[in-house]
Every structure is written in C-alpha cells, then in structure tokens.
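Q: Any chance you can model this:
(one chain, ligands or ions: 1)
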Amino acid sequence: MEEIQSQSDNYRSSSSSASSPASRVPSSNFFYLRKPGSLRQPISFEDSPEWEDTDADVRVEEGGDSINAATTPVSPSLSKLNSGSLPSPPMPEAAAVTRKTAGASVVWKDLAVTIKGKRKYSDKVVKSSNGYALPGTMTVIMGPAKSGKSTLLRAIAGRLHPSAKMYGEVFINGVKTRLLYGSYGFVDRETTLIGSLTVREYLYYSALLQLPGFFCQKKSVVEEAIQAMSLGDYANKLIGGHCYMKGLARGERRRVSIARELVMRPRILFIDEPLYHLDSVSALLMMVTLKKLASTGCTLIFTIYQSSTEVFGLFDRICLLSNGNTLFFGETLACLQVSDNMNIRSTSQMLDFLARLCKVLLITFYVP
Ligand SMILES: Nc1ncnc2c1ncn2[C@@H]1O[C@H](COP(=O)(O)OP(=O)(O)OP(=O)(O)O)[C@@H](O)[C@H]1O
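A: Okay, the predicted model is just below:
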C-alpha cells in the first residue's frame with residue numbers, strides 16, 4: 001500500500017501544474033491497482049485526471065483532421081487506467097460527433113491467386129475475378145466453403161500469405177497501388193482480444209499503439225469507434241472470456257474487433273466473415289451496424305458464407321464465387337432481377353437457386 005501511495009504522490013507531483021493542480025481532483029482518483037472485487041465494475045480510463053485537462057488548448061477539428069495544440073497533453077501511464085471504482089463518467093462530447101470518413105473506391109481486375117503446394121498452375125484458388133467497391137457501400141464476397149472468398153479478400157487488401165502469388169491488378173481511387181498502413185482496416189475471422197480490459201480500455205490501448213498524434217485525438221477516435229459499432233452500452237464492460245470469466249457475447253466481441261480497426265479511421269474496411277458463429281438476431285444487428293458504418297462514407301468489403309433474406313437485402317453489391325470462379329458480380333437488385341427473369345419470386349428462392357448453382361459448379365469443376 002505504501003508503494004502505491006508513493007507512486008500516487010509521484011504522479012501528483014509530476015502531473016500537477018498551474019493548469020491542473022492535484023487539489024482539483026479528489027484523492028480517490030489515484031488508485032493504481034484495481035480494487036479487490038472491482039473486476040465486475042470496471043472503470044473507464046476517462047477517470048484519469050488528464051482527460052479533464054481543460055486548460056490545454058488542444059482542439060481537434062472533426063472531418064478536417066487538423067489539430068491546433070498550444071500544449072501537448074501527456075499520455076497517461078497505462079497503470080493509471082486501472083483506477084479505482086468511481087462512477088461512470090458521462091459520454092464525452094466526441095461521442096456526439098457523427099463519424100464521417102472519406103471512403104475510397106476499390107477496383108480489382110483479372111485477379112487470380114495461386115498457392116504454392118497446389119498441384120497444378122491451373123489450380124488457382126481465385127480465377128480471373130473482376131469487381132469493384134465504392135465509398136459508402138457494402139460489397140460482399142459470397143460463396144460456399146473453400147470457394148476462395150477469404151483468399152480474394154486478402155488479395156484485394158494486399159495481405160496474402162507468403163506462399164500465395166497474385167496476378168491481376170488492384171486500383172485504389174483509380175491508381176494501381178498497394179494499400180498503405182492506416183488507410184485500411186482488416187478484421188480476421190478470429191481475433192484475440194484482451195479479456196481483462198473493458199471495451200473502452202481495450203480500444204484506447206489499440207489507439208495508443210496504432211496511432212501517432214495527441215491524446216485528445218485518440219480519445220475522440222475511441223469514442224467514435226464505440227459509437228460506430230453501437231457499443232455504447234458495453235463500453236465499460238469487461239471483454240472477459242478467459243479463465244472462466246464470463247465475457248461479452250460473440251456478437252459484441254466481433255463488434256469490438258471491428259471497432260479496433262475503426263480507431264485508425266480507415267477508408268476501406270475488410271472483414272472476413274463478420275457473421276462468423278453469430279446467431280440470426282446478432283447477425284442482423286451486426287449487418288445493420290455495418291450498414292450504418294458504410295453510410296458514414298467508409299468502403300466496406302467482406303466475405304459471407306450464408307445469409308438470411310433480411311441480411312441479403314442490406315448488401316449493395318455481391319461477388320458470388322464458386323471454386324474460385326466469379327459467377328456473378330453486380331448490384332443486389334440486379335442479382336434479384338436476374339433471378340426474377342428466371343422466374344424466381346423471392347430472395348430465399350434466389351438464395352436456394354444460387355446455392356444449388358454453386359453446388360453444381362463445385363461438383364463440375366472440383367473433381368480432379
Ligand atoms: N495458405 C494456404 N495454403 C494452402 N492452401 C490454402 C491457403 N489458403 C487457402 N488455401 C486453399 O484455398 C482454397 C480457398 O480457401 P479460402 O479460405 O479462400 O476459401 P473460403 O471460401 O474463404 O472458405 P471458408 O469459408 O471455408 O474458409 C481452399 O481450398 C484452401 O485450402
């Protein structure tokens with residue numbers, strides 16, 4: 001306890017200044033260790049006194065990304081995040097700011113992927129795929145298992161495994177280029193989260209690790225990400241899920257992994273199976289959240305194995321794969337139109353039709 005007290009005193013002496021005297025902050029704010037039994041009542045990192053450094057003339061202009069800082073706020077030590085049990089702070093102003101991102105158009109042309117170890121060159125995992133994704137829209141890569149969805153997604157994002165070789169071209173905003181760090185986010189099918197942190201703490205750590213810039217800017221991006229993924233009700237809850245500690249449900253965990261990428265404010269977001277292992281209600285909620293995210297301007301591209309009729313109706317464009325072949329690329333409505341011409345009257349009938357088509361092609365092409 002003495003050690004904690006002395007750390008606390010050190011902190012007070014180093015952080016106290018004319019602008020933020022320690023006397024302004026109640027002494028109960030200076031706990032460095034989580035109190036015993038407080039695991040179920042986690043504390044927001046915003047309880048750190050430095051969040052309230054109102055005298056620091058730091059302003060972040062949303063959308064314009066410009067920062068005017070007379071004094072640079074000091075990042076808090078990570079130990080200070082484990083503060084004691086204090087009442088939850090009100091949502092900061094940043095949370096009320098609507099997220100607006102300039103998306104980017106993505107075009108892939110004659111994209112093919114081979115993987116070392118496959119028997120023949122003709123055994124391409126993805127074969128001559130063409131398509132595009134526009135800002136503010138959701139483009140989904142659909143197909144049965146092992147049809148090459150993840151491989152195509154990784155190829156577009158430039159994140160193929162070293163044993164894979166890509167052919168064809170990818171254009172970002174009309175320029176043949178690789179995606180730069182920070183301009184895009186990639187959410188894998190399974191991600192590891194830190195169960196001993198709350199959602200807000202975890203996102204804040206991610207922001208600290210991934211982003212340059214000022215502390216208050218990180219605060220705003222974290223709150224934006226929480227808001228964008230509808231995690232407001234869970235922001236102060238422990239992620240959990242380890243050592244028999246009950247944690248967030250799968251749907252929320254998945255949203256946290258997506259929010260982790262959003263702190264980078266990516267222009268393009270790639271998600272491998274956002275509905276992986278989600279029940280139908282969580283799947284619909286996830287898709288509605290993603291649709292909302294797309295409406296802020298972000299370009300969303302993701303893979304999906306199967307979809308309910310309701311979820312299907314939310315997609316803007318579909319790239320339908322079967323054994324690496326692109327069977328259809330176009331707008332969802334056009335896809336429905338095609339099915340209509342074929343006397344298919346409902347989305348579920350169309351999905352059945354597509355599934356059957358995939359199976360036929362799979363059997364036709366997959367036989368060695
Ligand atoms: N690194 C790799 N090494 C060897 N083969 C691979 C590798 N990655 C993918 N493949 C093969 O490529 C094919 C397509 O895999 P991919 O994961 O892209 O399909 P998918 O449609 O995403 O399937 P699923 O949804 O079942 O994961 C599979 O036959 C898979 O075995």
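Q: Could you report the neighbour count for the residue of the stretch 151-300 of the chain found nearest the ligand?
A: Nearest to the ligand, among the residues of the stretch 151-300 of the chain, is T151, at 3.3 Å (Cβ to the nearest ligand atom). No exception for glycine: its C-beta is placed from N, CA and C like everyone else's. Applying other Cβ atoms under 10 Å, we find 26 residues neighbouring T151.
Q: Can you tell me, leaving aside adjacent residues, what's nearest to it?
A: V125 (4.7 Å; Cβ to Cβ, 6 or more residues apart in numbering).
Q: Now do the contacts for the residue of the stretch 151-300 of the chain closest to the ligand.
A: Counting by Cβ atoms under 8 Å, 6 or more residues apart in numbering, T151 makes contact with V113, I115, V125, V126, L160, A164.
Q: Narrow the residues you listed to those in strands?
A: Secondary structure from DSSP state E places V113, I115, V126, A164 of the contacts of T151 in strands.
Q: just the residues you listed now: which is nearest the ligand?
A: Closest to the ligand, out of all of those and judged by Cβ to the nearest ligand atom, is I115, at 4.5 Å.
Q: pLDDT score assigned to the closest one?
A: On pLDDT, I115 comes in at 86.
Q: What's the end-to-end length of stretch 180-198?
A: For stretch 180-198, the first and last residues are 30 Å from each other (Cα to Cα, to the nearest Å).
Q: typo on my end, stretch 228-236
A: Start-to-end, stretch 228-236 (Cα to Cα) is 16 Å.
Q: Report how many residues lie close to the closest residue to the ligand within the stretch 251-368 of the chain.
A: The minimum distance from the stretch 251-368 of the chain to the ligand, using Cβ to the nearest ligand atom, falls at Y305 (5.3 Å). By the measure other Cβ under 10 Å, the count of residues near Y305 is 13.
Q: so who does it touch?
A: By Cβ under 8 Å, 6+ apart, the residues touching Y305 are M142, G143, P144, A145, K149, E273, L275.
Q: related to what we said a few turns ago, ok, and of the contacts of T151, which contact the ligand?
A: I115, V125 (Cβ under 6 Å from any ligand atom).
Q: just the buried members of the contacts of T151?
A: Buried members of the contacts of T151, scored by 16 or more other Cβ atoms under 10 Å, are V113, V125, V126, L160, A164.
Q: residue contacts, the second one?
A: The contact partners of V125, by Cβ under 8 Å, 6+ apart, come to V113, T114, I115, K118, G148, T151, A164, G324.
Q: now swap in the fourth one and tell me
A: Residues near L160 by Cβ under 8 Å, 6+ apart: V113, T151, R154, M166.
Q: taking those one by one, which sit in helices?
A: T151, R154 (DSSP state H).
Q: if we can go back for a sec, from I301, how far off is the residue of the stretch 151-300 of the chain closest to the ligand?
A: Separation of T151 from I301 (Cβ to Cβ, to the nearest Å): 13 Å.
Q: Give the residues shared as contacts by these two.
A: Residues touching both T151 and I301 (Cβ under 8 Å, 6+ apart): there are none.
Q: Quick check: which ranges of the chain have low pLDDT?
A: 1-101, 118-122, 215-216, 243-244, 335-368 (pLDDT under 70).
Q: And the helices in it?
A: Secondary structure of the chain (DSSP H): helices at 2-15, 149-157, 199-210, 215-228, 250-262, 280-295, 309-312, 332-341, 347-366.
Q: between the contacts of Y305, which has the most around it?
A: G143 (28 neighbours).
Q: which ones are touching that one?
A: Taking Cβ under 8 Å, 6+ apart, we find G143 in contact with K149, Y305, L320, L321, S322, C358.
Q: L314 is in contact with M287, correct?
A: Yes - using Cβ atoms under 8 Å, M287 is in contact with L314, at 5.1 Å.
Q: So which of the two has more stuff around it?
A: Neighbours were counted for M287 and for L314 using other Cβ under 10 Å; M287 has more, 25 against 16.
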